[in-house]
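Colleague: sequence? don't have it. structure:
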DNA sequence: GAGATTATGGCAGTAAGTGACAACTAGCAA
DNA sequence: TTGCTAGTTGTCACTTACTGCCATAATCTC
């Protein structure tokens, strides 16, 4: 049950519109739900926002909400989903001669600036969501799991890039997991520093990624 | 709110009994709840076990359950809590001249065999719980968060061992996060391989830990 | 427009979790 | 023993997330 939010429409890139108006309406409703939810979350926090309030804002029944999202979490994590798939394709697009860690770092930057493109001073929704997680342990847990659920995608791309078999070679899996951990540390630091913008996020990520090798190599002093 | 399960008694080592019988009864009830829960979880799975069933087995009210555990999750994670604190003290006990990564690896082994000691063929409760998580995504998420919530303890010990300041030096934090990721990978592999025993867990952990440096260093081929 | 599909709403129900208050029980002192 | 105090438990009422079922209404196909 990797992705529970495929319940309703999800404009997957390259999917030709099968039946026009219906699909469009679903997409609109989905977007409206997300938008209303994000607004309410920002105003009163994730846990103190009832699904009822979200559906009231959009004027649909609560029951309908659950036809679009498997849970409240699922809605919140829809940003995460976009985020990860953007990252995965950015990783696949990095030049083949880059070493794994370098490719990951660059892909992270690529995907970040890709999401920030267009909006001048505004935070991309993904980053807004990260900020929300600060106050919601439930969301922290969910996002960790989400990251974890999609590690396989990253593993696949890494293995293909380097031409190794992920079934026998543990390195791609280790690197993907380590990457996830670093992203999480960066998120934390970014929040602590005021959740300013995607440049700050990139800087936090680099700061941790720089310490990766030094951390696992021998003693730290001397 | 790092640990929500301090709601009721928790035999913290070295705590002199303030009022004897009362404390004892609380501890007994707590243990009984955990035992009944674990049994039910094994039989019907975590999510298909209602709190009502647990409290019925022990013959207390549902309300009382929530005076001992903040949530169903909290009960399940009480094992995790023990696990982590055992590991943290094992880490603190490693000789000072061991390099950080070596100390972590050895401490993991120490803590594992410490928990397995006594029981011959039986799985220690901590490992039973890990096995349960396989079928319960909710528990996976919760345990990830739990691990994450207690990373600070590990960071503190690592920083003290090496004499660095965790507020400015990111290395202890990186290593703790990486360790968490490796533990998680090991858990997964251990489950996939049949969840046999603590030796198998130790082997899985080592297998991933061995790949740590190779994974983050340069290209993988040639 | 008829008829098959598909989306929505309403309703009833389960289960987790919380607050308030009353009833009980252990601890302790006179 | 008695009686007071403080801590523990049960009961009840309530909120919220989430699910199944069936009727209804909108959309698509022809």
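Modeller: Happy to help now that I have it. Remember, predicted model here, so these are calculated numbers, not experimental data.
Colleague: drop to CA atoms for contacts and neighbour counts, all remaining ones
Modeller: OK.
Colleague: okay, the most centrally placed residue in chain A and residue A:50: tell me how far apart.
Modeller: The centroid of chain A falls nearest to residue A:80 when counting by Cα atoms, centre = their mean (2.6 Å). Distance, residue A:80 to residue A:50, using Cα to Cα, to the nearest Å: 21 Å.
Colleague: so what's residue A:135 closest to, chain neighbours aside?
Modeller: residue A:45 (7.5 Å; Cα to Cα, 6 or more residues apart in numbering or on different chains).
Colleague: go on, residue A:145?
Modeller: residue B:141 is the one closest to residue A:145 (Cα to Cα, 6+ apart), at 4.9 Å.
Colleague: repeat for residue A:47
Modeller: With Cα to Cα, 6+ apart, the residue lying closest to residue A:47 is residue A:136, at 7.0 Å.
Colleague: check residue A:213 too.
Modeller: That would be residue B:216: by Cα to Cα, 6+ apart, it lies 6.9 Å from residue A:213.
Colleague: per-residue confidence at residue A:11?
Modeller: According to the prediction, residue A:11 has pLDDT 48.
Colleague: how many other residues sit next to the residue nearest to residue A:213?
Modeller: By the measure other Cα atoms under 10 Å in any protein chain shown, the count of residues near residue B:216 is 22.
Colleague: which residues of chain A lie near DNA strand D?
Modeller: A:18-23, A:47-52, A:63, A:66, A:70-73 (Cα under 7 Å from any atom of the strand).
Colleague: quick one, which of those residues are buried?
Modeller: Buried members of the residues of chain A next to DNA strand D, counted by 16 or more other Cα atoms under 10 Å in any protein chain shown: A:23, A:49, A:51, A:66, A:70, A:72.
Colleague: surely residue A:140 meets residue A:133?
Modeller: Yes - Residue A:140 is within contact range of residue A:133, at 5.7 Å (criterion: Cα atoms under 8 Å).
Colleague: for chain A, which helix is longest?
Modeller: Identified as the longest helix of chain A according to DSSP state H is helix A:20-44.
Colleague: and that one, what's buried?
Modeller: Buried residues in helix A:20-44 (16+ other Cα under 10 Å): A:23, A:27, A:29-30, A:32-38, A:40-41.
Colleague: next step: the residues of chain A next to DNA strand D restricted to helices.
Modeller: Residues of the residues of chain A next to DNA strand D located in helices (DSSP H): A:20, A:21, A:22, A:23, A:51, A:52, A:63, A:66, A:72, A:73.
Colleague: okay, now the unreliable bits of chain A?
Modeller: A:1-18, A:222 (pLDDT under 70).
Colleague: who in it is up against chain B?
Modeller: A:99-101, A:140-142, A:144-145, A:162-163, A:170-172, A:174-175, A:177-178, A:181-182, A:185, A:208, A:211-221 (Cα under 8 Å from any Cα of the partner chain).
Colleague: those, buried ones only, as a ChimeraX selection?
Modeller: To isolate the buried members of the residues of chain A next to chain B in ChimeraX, using 16+ other Cα under 10 Å:
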select /A:99,100,101,140,141,142,144,145,162,170,171,172,174,175,177,178,181,182,185,208,211,212,213,215,216,220
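Colleague: give me the subset of the residues of chain A next to chain B lying in strands.
Modeller: Among the residues of chain A next to chain B, no residue falls in strands (DSSP state E).
Colleague: what ranges do the helices span in chain A?
Modeller: Under DSSP H, chain A gives helices at A:20-44, A:51-58, A:62-68, A:72-76, A:78-93, A:100-116, A:125-133, A:137-149, A:151-162, A:171-192, A:198-210, A:212-216.
Colleague: relative to the whole chain's centre, how far out is the second one?
Modeller: The gap between where helix A:51-58 is centred and where its chain is centred comes out at 24 Å by Cα atoms, centre = their mean, to the nearest Å.
Colleague: quick one: buried residues of it?
Modeller: So helix A:51-58, judged by 16+ other Cα under 10 Å, has buried residues A:51, A:54, A:55, A:58.
Colleague: the last one contacts residue A:33, doesn't it?
Modeller: It stands for residue A:58. Yes - the pair residue A:58 / residue A:33 is scored as a contact, 6.5 Å apart, by Cα under 8 Å.
Colleague: wait, doesn't residue A:180 sit right on residue A:147?
Modeller: Yes - contact status for residue A:180 versus residue A:147: in contact at 6.8 Å, counting by Cα under 8 Å.
Colleague: spit out the residues that contact those two alike.
Modeller: Common neighbours of residue A:180 and residue A:147, counting by Cα atoms under 8 Å, 6 or more residues apart in numbering or on different chains, are absent.
Colleague: quick revisit: how far away is the closest residue in space to the residue nearest to the centre of chain A that isn't next to it in sequence from chain B?
Modeller: Take residue A:80 and drop its neighbours on the chain: the residue closest to it by Cα to Cα, 6+ apart is residue A:126, 6.6 Å away. Separation of residue A:126 from chain B (Cα to the nearest Cα, to the nearest Å): 20 Å.
Colleague: show me what contacts residue A:126?
Modeller: Residues in contact with residue A:126, defined by Cα under 8 Å, 6+ apart, are A:79, A:80, A:83.
Colleague: count of neighbours near the last one?
Modeller: By the measure other Cα under 10 Å, the count of residues near residue A:83 is 17.
Colleague: again with residue A:67
Modeller: As a measure of burial, residue A:67 has 13 neighbours, counting by other Cα under 10 Å.
Colleague: before we move on, the earlier item: make CSV out of the contacts of residue A:126 and add distance to residue A:112.
Modeller: Below are the contacts of residue A:126 laid out as CSV (distance: Cα to Cα, whole Å):
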residue, distance to residue A:112
A:79, 13
A:80, 12
A:83, 9
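Colleague: nearest to chain B, of these?
Modeller: Within these, the smallest distance to chain B is 15.0 Å, found for residue A:80 (Cα to the nearest Cα).
Colleague: residue A:206 versus the closest one, what's the distance?
Modeller: 20 Å.
Colleague: what sits against the residue nearest to residue A:145?
Modeller: Going by Cα under 8 Å, 6+ apart, residue B:141 touches A:141, A:142, A:144, A:145.
Colleague: these two touch, right, the residue nearest to residue A:135 and residue A:132?
Modeller: Yes - counting by Cα under 8 Å, residue A:132 is a contact partner of residue A:45 at 7.2 Å.
Colleague: out of those two, which sits in the more crowded spot?
Modeller: Just comparing residue A:45 and residue A:132: by other Cα under 10 Å the higher neighbour count belongs to residue A:132, 19 against 15.
Colleague: tell me the contacts of that one?
Modeller: Contacts of residue A:132 by Cα under 8 Å, 6+ apart are A:41, A:42, A:45, A:46.
Colleague: now swap in residue A:128 and tell me
Modeller: Per Cα under 8 Å, 6+ apart, neighbours of residue A:128: none.
Colleague: and for the one 5 residues further on?
Modeller: With contacts defined as Cα under 8 Å, 6+ apart, the neighbours of residue A:133 are A:139, A:140.
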